[in-house]
Every structure is written in structure tokens, then in C-alpha cells.
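Trainee: need a structure here:
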Amino acid sequence: MTLDWMAWTPPTAWFFCGIAALLAAMTLWQFVSPSVPRRGVLPLVTTRGDRLFIGLLGAAYIHLAWIGLASGSLWYGFAIAVAWMIAVMRFG
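Mentor: I've put the predicted structure just below:
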């Protein structure tokens, strides 16, 4: 399969496929077990979908900050973003 029409690199395509798979899994999870809005450490009442959105948005900002401010490998920023996602999904 060629991705030339959008000038995507394979890692970019895998990233968006991963996001699509995550959204599909969350949709299935919501269908099987509807979420109940709850208040965690975030200062608002959220559902699983809300926490997913907040986590993805935060992970994007973590990556941007890492690229702009740090000189280390992006894998370290990725590890921080994964930890952020886990924390938001679990305790948010």
C-alpha cells in the first residue's frame, strides 16, 4: 500500500492506525460496559471517553514540549506520555 498521496511515513500511518484502534476498542468497551461519570483527581466529572480525550491531548502536548525543550531521545518523552495516559485513565 502506498501512502504517497498524503506524504505519510509508515510511523505516522501506524500512529493513526493505533489511535483508530484505540477509539474502536473504547467504543466496544462502552457498548459492553457503559461508563458511569465519576470524579477523580481531575477537577471535573468525566467518563472514560472524556479521560481518553484529555489523555491524548496531554500526550500531544508532552510530545511537543519534549521536542521543543529537551535534547534527549523522543522515546523518553513517549514514556512520559504513556505514564500520563495511564494515570489519567486510572485516576482521572
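
Trainee: Any figure for the gap between Phe91 and Ile80?
Mentor: As judged by C-beta to C-beta, to the nearest Å, Phe91 and Ile80 stand 16 Å apart. Backbone N, C-alpha and C define where each C-beta goes, glycine included.

Trainee: and those two? which has more neighbours close in?
Mentor: Ile80 (16 against 10; other C-beta atoms under 10 Å).

Trainee: Name all residues that make contact with that one.
Mentor: Ile62, Trp66 (C-beta atoms under 8 Å, 6 or more residues apart in numbering).

Trainee: State the three-state secondary structure for it.
Mentor: Following DSSP: H, G, I helix; E, B strand; the rest coil, the label given to Ile80 is helix.

Trainee: Need the pLDDT of it.
Mentor: With respect to pLDDT, Ile80 scores 94.

Trainee: swap in the one 3 residues further on?
Mentor: Turning to Ala83, the model gives it a pLDDT of 96.

Trainee: would it count as being in a strand?
Mentor: No - applying three-state DSSP, one finds Ala83 to be helix, outside a strand.

Trainee: number of nearby residues for it?
Mentor: Neighbour count for Ala83, taken as other C-beta under 10 Å: 12.

Trainee: could you measure it against Pro11, distance?
Mentor: 21 Å.

Trainee: Where do the helices of the chain begin and end?
Mentor: Taking DSSP state H as the criterion, the chain carries its helices at 10-32, 48-69, 74-91.

Trainee: Setting the sequence-adjacent residues aside, check what's closest to Leu23.
Mentor: Leu52 (8.0 Å; C-beta to C-beta, 6 or more residues apart in numbering).

Trainee: any idea how far Gln30 is from that neighbour?
Mentor: Distance of Leu52 to Gln30, given as C-beta to C-beta: 10 Å.

Trainee: Between those two, which has more neighbouring residues?
Mentor: More crowded of Leu52 and Gln30, by other C-beta under 10 Å: Leu52, with 19 against 13.
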